[in-house]
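Trainee: pasting the structure only:
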């Protein structure tokens, strides 16, 4: 078989006595810490937005929103019947099972509550968070690859990126986790970074949030064609996967936020003309 050989990774990065620290946990930690640093840097460039020190306080809210939302999303979207039979298993986070869409909803809710408590504009907060989110996404997808999970669909032997995964049987597959790390992580981060450098876009509240939602939706929807559907769900309506169906409202709402931000920006410019 041609293509690539899956590296023999140990999912445990470090063991100290009975304590085992997994790469997946380190990916979350790196995503939160680097995301926090990036949020503070963006806030310093935009005095009209949230103050940098607000993100020191919001970090805990983001962690709670991501973990609770991600777990609840996985339970509801991907394995509801199983957890209905054994509800207590939903609390066993060490068994794995997180949903990005659920985590995103958890962060949105935590941001809404935080913005309300601190009396700051909600979309001004989410615009900054949107620019930092791809950092965590990129690290998370690399951790998925290290764990040999969420692999791609079967491809022909001569496909140059073909790879057999330990939990995917002997057949060669797309390394879709790396596709996602590249598009949802690196490419999305660079696009949002470039957009955030524009003062005109930064001043249009909701534009960066909309760009994140719509672009992530497009990237994830596209990569789902290469990713193996979840075994317990398979293909759903019209041959779509759960990931693709969850991306549709994301893309629609993202476009709505972009159009809204552009119209409001144009109205303000007309008033000051």
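Mentor: In hand now; what should we look at? Remember, predicted model here, so these are calculated numbers, not experimental data.
Trainee: quick one, helices of the protein?
Mentor: Secondary structure of the chain (DSSP state H): helices at 23-45, 54-77, 80-85, 100-118, 122-147, 176-180, 188-196, 199-202, 207-223, 242-271.
Trainee: pLDDT (mean, whole number) over the third one?
Mentor: Spelled out, it's helix 80-85. For helix 80-85, mean pLDDT is 64.
Trainee: about what we covered before: compare the helices of the chain and give me the one nearest residue 14.
Mentor: Nearest to residue 14 among these is helix 23-45; the distance by CB to CB comes to 8.3 Å. (C-beta placed from N, C-alpha, C; glycine too.)
Trainee: So which other helices or strands are in contact with that closest one?
Mentor: strand 12-16, helix 54-77, helix 122-147 (3 or more CB pairs under 8 Å, 6 or more residues apart in numbering; DSSP states H and E).
Trainee: The second one: which residues count as buried?
Mentor: Right, helix 54-77. The neighbour-count check on helix 54-77 (16 or more other CB atoms under 10 Å) flags 54-55, 58, 61-63, 65-66, 68-75, 77 as buried.
Trainee: can you check the first one too?
Mentor: The neighbour-count criterion (16+ other CB under 10 Å) identifies residue 13 as the buried residues of strand 12-16.
Trainee: Run through who's touching it.
Mentor: Under the criterion CB atoms under 8 Å, 6 or more residues apart in numbering, residues 20, 21, 22, 23, 26 lie in contact with strand 12-16.
Trainee: is it true that the third one touches residue 11?
Mentor: Yes: contact between residue 22 and residue 11 holds when scored by CB atoms under 8 Å: they sit 5.4 Å apart.
Trainee: Which of those two has more residues huddled nearby?
Mentor: Set residue 22 next to residue 11 and count neighbours by other CB atoms under 10 Å: residue 22 wins out with 19 against 13.
Trainee: what residues are up against the more buried one?
Mentor: Listed by CB under 8 Å, 6+ apart, the contact set of residue 22 reads 11, 12, 13.
Trainee: Distance of it relative to residue 146?
Mentor: Residue 22 sits 9 Å away from residue 146, going by CB to CB, to the nearest Å.
Trainee: Of the helices of the chain, which is nearest residue 153?
Mentor: Among the helices of the chain, the nearest to residue 153 by CB to CB is helix 176-180 (7.7 Å).
Trainee: With that, I have no additional questions.
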